[in-house]
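K.L.:
What shape does this take:
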Amino acid sequence: MKMNELKPIVTLIAVVFFAIVAYIYNGKARPTESIAPTATLATQAKPDSAVVNKSIKAANRTPLAGSADAKGPVKTLPFIIERIMLNDLLEDKHKLVKIEAGVRGGNRMEWAATAVAIAEVASRTGVDSIEVVLNRFEVPIEKSAMYRELSHIYYAPNPSYSIWGDALKDKWEIYVAHKKNIATQKDMDVNDYFEQANQQLIDSGVEYNEADDKAGVMTAKKFQLKKDFMLFSGNVNESDDGVSRASINIINEGKDTSLTALNGCLSAANINVKACTKQ
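P.N.:
Next comes the predicted model:
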């Protein structure tokens, strides 16, 4: 019953990604493209496990229910940039950008449209690989990513030259949470209580498996759960939540300035990471 969650780590992005790309790009030639100058953040607060080991589930990419195929265009949501990581210290000057943004409210179609629009704006900087995470702004940033994620996108304008290598078969890999699967406050409370109880038992000398079992019993009793209850494992499930880019028809009514501001701070002429996070 151990919680299946990666713990946040702080690592030197340049070192980590250099090692990854050296492995992926052994002998691969770089296409000729005009690349804008980029800035670099030294550290990243969350692990980029998807960069290390991506697995495509193309069979699960389905059109969004109620998307352009059924009800017409969908608008983007106003967003706040929470984190941006830009890196051009990879092998052969490969450029990677990861953007995390927060939104309030919205529906599955709007989450998808917003994340895609952010990725497309970022692509104007000339980067080779783009990762976008759209989060629930109302859930504190200190909370685990699995409670906050609404959409997770991997975009490579040139699929043959992405940091994800052969794992990315197309330009886009898009995952969007279903509302029914999004963490409730009780889900978060149950997981937090289990983790704390489990850690306290381990610290007191209890063996790991026994600590899991005892923490599970304690958690079930406190929250009046079934004995075989399952801990919450995340809003976004890459096995079930994949959608196709073709099913997302974005319309920008011009009322929201978020995309305009992002385009300005990421412009090829004046890329400014600090300005992006102060929207």
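K.L.:
In contact with Gln143, which residues?
P.N.:
Not Gln; residue 143 is Lys. Met188 (Cβ atoms under 8 Å, 6 or more residues apart in numbering). Every residue, glycine included, has its C-beta placed from N, CA and C.
K.L.:
What pLDDT is listed against it?
P.N.:
pLDDT for Lys143: 92.
K.L.:
same question, Asn263
P.N.:
The confidence metric pLDDT takes the value 83 at Asn263.
K.L.:
again, but for Asn135
P.N.:
pLDDT, Asn135: 97.
K.L.:
Wait, it touches Val103, no?
P.N.:
Yes. Taking contacts as Cβ atoms under 8 Å, Asn135 lies within contact range of Val103: 7.4 Å.
K.L.:
joint contacts of those two?
P.N.:
Here Asn135 and Val103 have Leu150 as joint contacts, going by Cβ under 8 Å, 6+ apart.
K.L.:
So between the two, which is more surrounded?
P.N.:
Taking other Cβ atoms under 10 Å, Asn135 and Val103 do not tie; Asn135 has more neighbours (25 against 22).
K.L.:
Wait, a strand at the more buried one?
P.N.:
Yes. According to DSSP: H, G, I helix; E, B strand; the rest coil, the state of Asn135 is that of a strand.
K.L.:
for it, which residues make a bridge with it?
P.N.:
Following DSSP bridges, Asn135 is listed with bridge partners Gly102, Glu149.
K.L.:
And the helices in the stretch 1-150 of the chain, which stretches?
P.N.:
13-24, 49-52, 68-71, 108-123, 145-148 (DSSP state H, counting those that start in this stretch).
K.L.:
Considering those, which stretch scores lowest in mean pLDDT?
P.N.:
Taking the mean pLDDT of the helices of the stretch 1-150 of the chain, helix 49-52 comes last: a mean of 32.
K.L.:
burial measure for Glu100, as a count.
P.N.:
25.
K.L.:
From what I see, it and Val133 are in contact.
P.N.:
Yes. If you go by Cβ under 8 Å, Glu100 and Val133 touch, sitting 4.6 Å apart.
K.L.:
Would you mind pulling up the elements that the longest helix seen in the chain packs against?
P.N.:
Counting by DSSP state H, the longest helix found in the chain is helix 185-203. Judged by 3 or more Cβ pairs under 8 Å, 6 or more residues apart in numbering; DSSP states H and E, helix 185-203 is in contact with helix 208-223.
K.L.:
quick one: buried residues of the longest helix of the chain?
P.N.:
187-188, 190-191, 194-195, 197-198, 201 (16 or more other Cβ atoms under 10 Å).
K.L.:
can you put the residues you listed in JSON lines and add pLDDT and distance to Arg124?
P.N.:
JSON lines is the format used below for these (pLDDT from 0 to 100; distance: Cβ to Cβ, whole Å):
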{"residue": "Asp187", "pLDDT": "96", "distance to Arg124": "38"}
{"residue": "Met188", "pLDDT": "96", "distance to Arg124": "37"}
{"residue": "Val190", "pLDDT": "97", "distance to Arg124": "43"}
{"residue": "Asn191", "pLDDT": "96", "distance to Arg124": "39"}
{"residue": "Phe194", "pLDDT": "97", "distance to Arg124": "44"}
{"residue": "Glu195", "pLDDT": "96", "distance to Arg124": "41"}
{"residue": "Ala197", "pLDDT": "97", "distance to Arg124": "48"}
{"residue": "Asn198", "pLDDT": "97", "distance to Arg124": "46"}
{"residue": "Leu201", "pLDDT": "97", "distance to Arg124": "51"}
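K.L.:
Please tabulate those residues in a markdown table, including the columns distance to Val176.
P.N.:
Output for the buried residues of helix 185-203, formatted as a markdown table (distance: Cβ to Cβ, whole Å):
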| residue | distance to Val176 |
| --- | --- |
| Asp187 | 19 |
| Met188 | 21 |
| Val190 | 24 |
| Asn191 | 22 |
| Phe194 | 27 |
| Glu195 | 27 |
| Ala197 | 33 |
| Asn198 | 31 |
| Leu201 | 37 |
